[in-house]
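Engineer: Quick one, what's the 3D model for this:
(one chain, ligands or ions: 2)
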Amino acid sequence: MANKSLANGGGTRNPRPSSLSSLELDSSLDHSVQTRIFKIIVIGDSNVGKTCLSFRFTGGSFPEKTEATIGVDFREKTVEIEGEKIKVQVWDTAGQERFRKSMVEHYYRNVHAVVFVYDVTKMASFENLKTWIQECNGHHVSPVVPRVLVGNKCDLVGQIQVPSTQRSSSPDSHNMLLFEASAKDSKESQNVESIFMCLACRLKAQKSLLYRDVERQDGKVKLSQESASKNSCPC
Ligand SMILES: Nc1nc2c(ncn2[C@@H]2O[C@H](COP(=O)(O)OP(=O)(O)OP(=O)(O)O)[C@@H](O)[C@H]2O)c(=O)[nH]1
Ligand SMILES: [Mg+2]
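Structural biologist: Ligands and ions are numbered 1, 2, ... in the order given. Reported below is the predicted structural model:
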């Protein structure tokens, strides 16, 4: 696991944009696809547990103490899917407007997947999802970029404010997979793992199709975006 902060701009180490209609790579493609990095951003109100969720996935534990994220914290974990090693780069973003406003463009640039988080014990954080979804849509994130909803803090059973039925019937959550999780409860840690692994599987499936559909032209490789909309995610 690696953890890096970036509070004042800076770029991603993601080598490829995901939103181009076609993409040309040189003939070293076969080599480069073996070390892919998937950039996954974690978005939502302050205090919903974005830092704890990303820490649980990449570090395997619940942080004893957290402070409001300033800008973004990077965490990485290498996972293996069907024999391929993939680096999942988690961008733990700031929920507080004053700590995120100079960074928003960087969050969405070349993003591969988006995790929207709310706190199941705070109705306002669920209602605010529509603002976060609008922000994402406003940054021209391609429709093929997978998005999931995560209701965090499910361990606080007696304090739940967002009933399950409401969670799954929200029009804003249309077409998004919903996960209920707890970054705190180690018994629920499998759910946290599933969020990121499901996205990594989807991305791998999308990109496999994409690479399979390459056309070689003039010694270069041309990739078709159309094929990126198909996937065979098992979840
Ligand atoms: N009970 C419980 N508390 C949690 C859980 N996840 C996070 N918390 C607590 O919620 C508070 C906020 O967690 P953070 O992960 O720092 O929240 P954040 O979304 O990163 O907040 P910002 O960085 O300000 O955007 C902390 O006190 C955590 O200990 C959880 O699953 N269960
Ligand atoms: Mg945080």
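
Engineer: And the helices in the chain?
Structural biologist: 29-32, 50-59, 97-100, 104-108, 123-127, 129-138, 164-169, 189-212 (DSSP state H).

Engineer: residues from the protein in reach of ligand 2?
Structural biologist: 50-51, 69 (C-beta under 5 Å from the ion). C-beta: built from backbone N, CA, C; applies to glycine.

Engineer: Do stretch 102-117 and ligand 1 come into contact?
Structural biologist: No. Shown here: stretch 102-117 not in contact with ligand 1 (C-beta under 6 Å from any ligand atom), separated by at least 6.7 Å.

Engineer: What of stretch 182-194?
Structural biologist: Yes. Using C-beta under 6 Å from any ligand atom, we find that stretch 182-194 touches ligand 1 at 182-184.

Engineer: Stretch 146-157 too?
Structural biologist: Yes. Stretch 146-157 reaches ligand 1 (C-beta under 6 Å from any ligand atom) through 152-153, 155-156.

Engineer: Can I get that stretch as PDB, trimmed to CA atoms?
Structural biologist: Only the C-alpha atoms of stretch 146-157 are listed here, as PDB (Å, rounded to 0.1, in the frame of the first residue of the first chain):
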ATOM      1  CA  PRO A 146     -18.700   2.700 -13.800                       C
ATOM      2  CA  ARG A 147     -20.300   4.400 -10.700                       C
ATOM      3  CA  VAL A 148     -21.400   2.700  -7.500                       C
ATOM      4  CA  LEU A 149     -23.200   4.000  -4.300                       C
ATOM      5  CA  VAL A 150     -21.900   3.100  -0.900                       C
ATOM      6  CA  GLY A 151     -24.000   3.500   2.300                       C
ATOM      7  CA  ASN A 152     -21.300   3.500   5.000                       C
ATOM      8  CA  LYS A 153     -21.500   3.000   8.800                       C
ATOM      9  CA  CYS A 154     -23.900   0.100   8.700                       C
ATOM     10  CA  ASP A 155     -22.500  -1.000  12.100                       C
ATOM     11  CA  LEU A 156     -24.500   1.800  13.800                       C
ATOM     12  CA  VAL A 157     -27.600  -0.300  13.600                       C
END
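
Engineer: which bits of the protein sit near ligand 1?
Structural biologist: So the chain meets ligand 1 at 46-52, 66, 68-69, 94-96, 152-153, 155-156, 182-184 (C-beta under 6 Å from any ligand atom).

Engineer: Distance of the nearest residue to Ala68 once chain neighbours are set aside relative to Ile81?
Structural biologist: In space, and not counting its chain neighbours, Ala68 is closest to Gln96: 5.6 Å by C-beta to C-beta, 6 or more residues apart in numbering. Distance of Gln96 to Ile81, given as C-beta to C-beta, to the nearest Å: 34 Å.

Engineer: what sits against Ile43?
Structural biologist: By C-beta atoms under 8 Å, 6 or more residues apart in numbering, the contact list for Ile43 reads 50, 93, 107, 114-117, 132, 135-136.

Engineer: quick check, nearest of the residues you listed to ligand 2?
Structural biologist: Distance to ligand 2, by C-beta to the ion, is smallest for Lys50 among these, at 4.9 Å.
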